[in-house]
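Student: Quick one: sequence and predicted model below, then my questions.
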Amino acid sequence: MPLLEVKNLHVEFPTRRGVLKALRDVNFTVDKGERLGIVGESGAGKSLAAFAIINLLSKPGRVSQGEILFEGTDLTKLNDTELRSIRGNRISMIFQDPMMTLNPVLTIGTQMIETLRAHRNISKQEARLIAIDRLNEVRIPSAEKRLDSYPHELSGGMRQRVVIAIALLTQPSLIIADEPTTALDVTIQAEIMSLMLDLCKMHNVGMILITHDLAVVSQVTQKTIVMYAGRVAEQGPTSEVIQNPRHPYTKGLMAALPQQNQAGKRLYQIPGSMPTLDAMPQGCPFNPRCEFVGERCLQDVPDLEDMGGHLVRCFKAHELQESGSLS
């Protein structure tokens, strides 16, 4: 049984102008200790899929259809009290801006100890010892002294290490990391991602990494989902998706990576922009930006087709693969 199984997930936002469908028919699994990447541009639905798992959707957003099975329990059927025993305990989340996660008026120690005691029946002294141990794991020097520090007294990289330590406090089975390095310098980003990878392997923790950076995904994850306009465009083993993209959108994302371009040449960018929820084009949502668009693409939405364990939502996937257009 998978650690997490998301089945036919739909998320919608009722508005005065009608119901806006933000996620449609999203399916994926995460096994214990497995690392899954979800990539796409802003507005693709990456973070929304993660927030839906632990019911952090902004109102009036709601899961309108589907199941979210965590260790066999459907999270969509739980009440707030039942979900609270899982969220922050069995499932932890790391957000992109540590200053939005940490309380600026409480010391690091207070926040870590309160987190532990909210989910464990232990004394403050026991909680403090666990907190020190976790800070040591994320390689924070003088861990015991740092417990008495406030968030503003730490650098951005140190704050994010604290957030990772808090996520690991309760020994979760799954960590959801929502663009955890966006607010950091490039050199610090690499250190943080390396640290998260080491800790996931050490504790056999599953991870969902949400990012727009395919280069990061290629280094950290084992499976990758590429999302576009609330749907899964492509899904499969990370090495396959990166080295052999079969959807024109994934091909465009790969071509836009700086390392794919020659020095002195203008960086490639996918023409146009992601459609908004209230202005979704007819047919395939990517058709206004796709260089391979055909008549059928303008009329119908393609199904997610299995091409040997590599799932692709494109009418022309086979044709383009055979012709070498997506190489």
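Tutor: Nice, thanks for sending it over. Numbering: from 1, shown residues only.
Student: Secondary structure element for T224, which one?
Tutor: Here T224, judged by DSSP states H and E, is contained in strand 223-228.
Student: hang on, I meant S92
Tutor: Judged by DSSP H and E, S92 forms part of strand 91-94.
Student: Show me what secondary structure element comes after that strand.
Tutor: Next element after strand 91-94 (DSSP H and E): helix 98-101.
Student: Show me what that following helix is packed up against.
Tutor: Using 3 or more Cβ pairs under 8 Å, 6 or more residues apart in numbering; DSSP states H and E, the elements in contact with helix 98-101 are helix 156-168. Quick note: C-beta positions are derived from backbone N, CA and C, even for glycine.
Student: average pLDDT for the helix it packs on?
Tutor: Summarised as a single mean, pLDDT over helix 156-168 is 92.
Student: So which residues of this protein form helices?
Tutor: If DSSP state H is used as the criterion, the helices of the chain fall at 46-53, 80-84, 98-101, 108-119, 124-137, 143-146, 156-168, 186-203, 214-220, 238-243, 248-255, 317-323.
Student: ranking those helices by burial, who's on top?
Tutor: helix 156-168 (a mean of 24; mean count of other Cβ atoms under 10 Å).
Student: Mind listing residues that contact that one?
Tutor: The contact list for helix 156-168, computed with Cβ atoms under 8 Å, 6 or more residues apart in numbering, reads 92-95, 98-99, 101-102, 108, 111-112, 115, 131, 134-135, 137-140, 146, 151, 154, 175, 180-181, 183-185, 188, 191-192, 195-196, 199, 203, 205.
Student: in the protein, which residue is closest to the centre?
Tutor: With distances taken as Cα atoms, centre = their mean, I210 lies nearest the centre of the chain, 2.3 Å away.
Student: how far away is it from G61?
Tutor: Counting by Cβ to Cβ, to the nearest Å, the separation of I210 from G61 is 17 Å.
Student: where in the stretch 201-327 of the chain is pLDDT low?
Tutor: 259-264, 322-327 (pLDDT under 70).
Student: G66: neighbour count?
Tutor: For G66, the count of nearby residues is 19 (other Cβ atoms under 10 Å).
Student: you'd agree it is up against T76?
Tutor: Yes: with contact defined as Cβ atoms under 8 Å, G66 counts as touching T76 (7.3 Å).
Student: what residues are up against P237?
Tutor: Q222, K223, T224, G309, H310.
Student: related to what we said a few turns ago, the residue nearest to the centre of the chain against T181, yeah?
Tutor: No: using Cβ under 8 Å as the test, I210 is too far from T181 to be in contact (11.2 Å).
Student: re the thing from before, closest one to E34 among the helices of the chain?
Tutor: Judged by Cβ to Cβ, the one of those that comes nearest to E34 is helix 186-203, at 9.2 Å.
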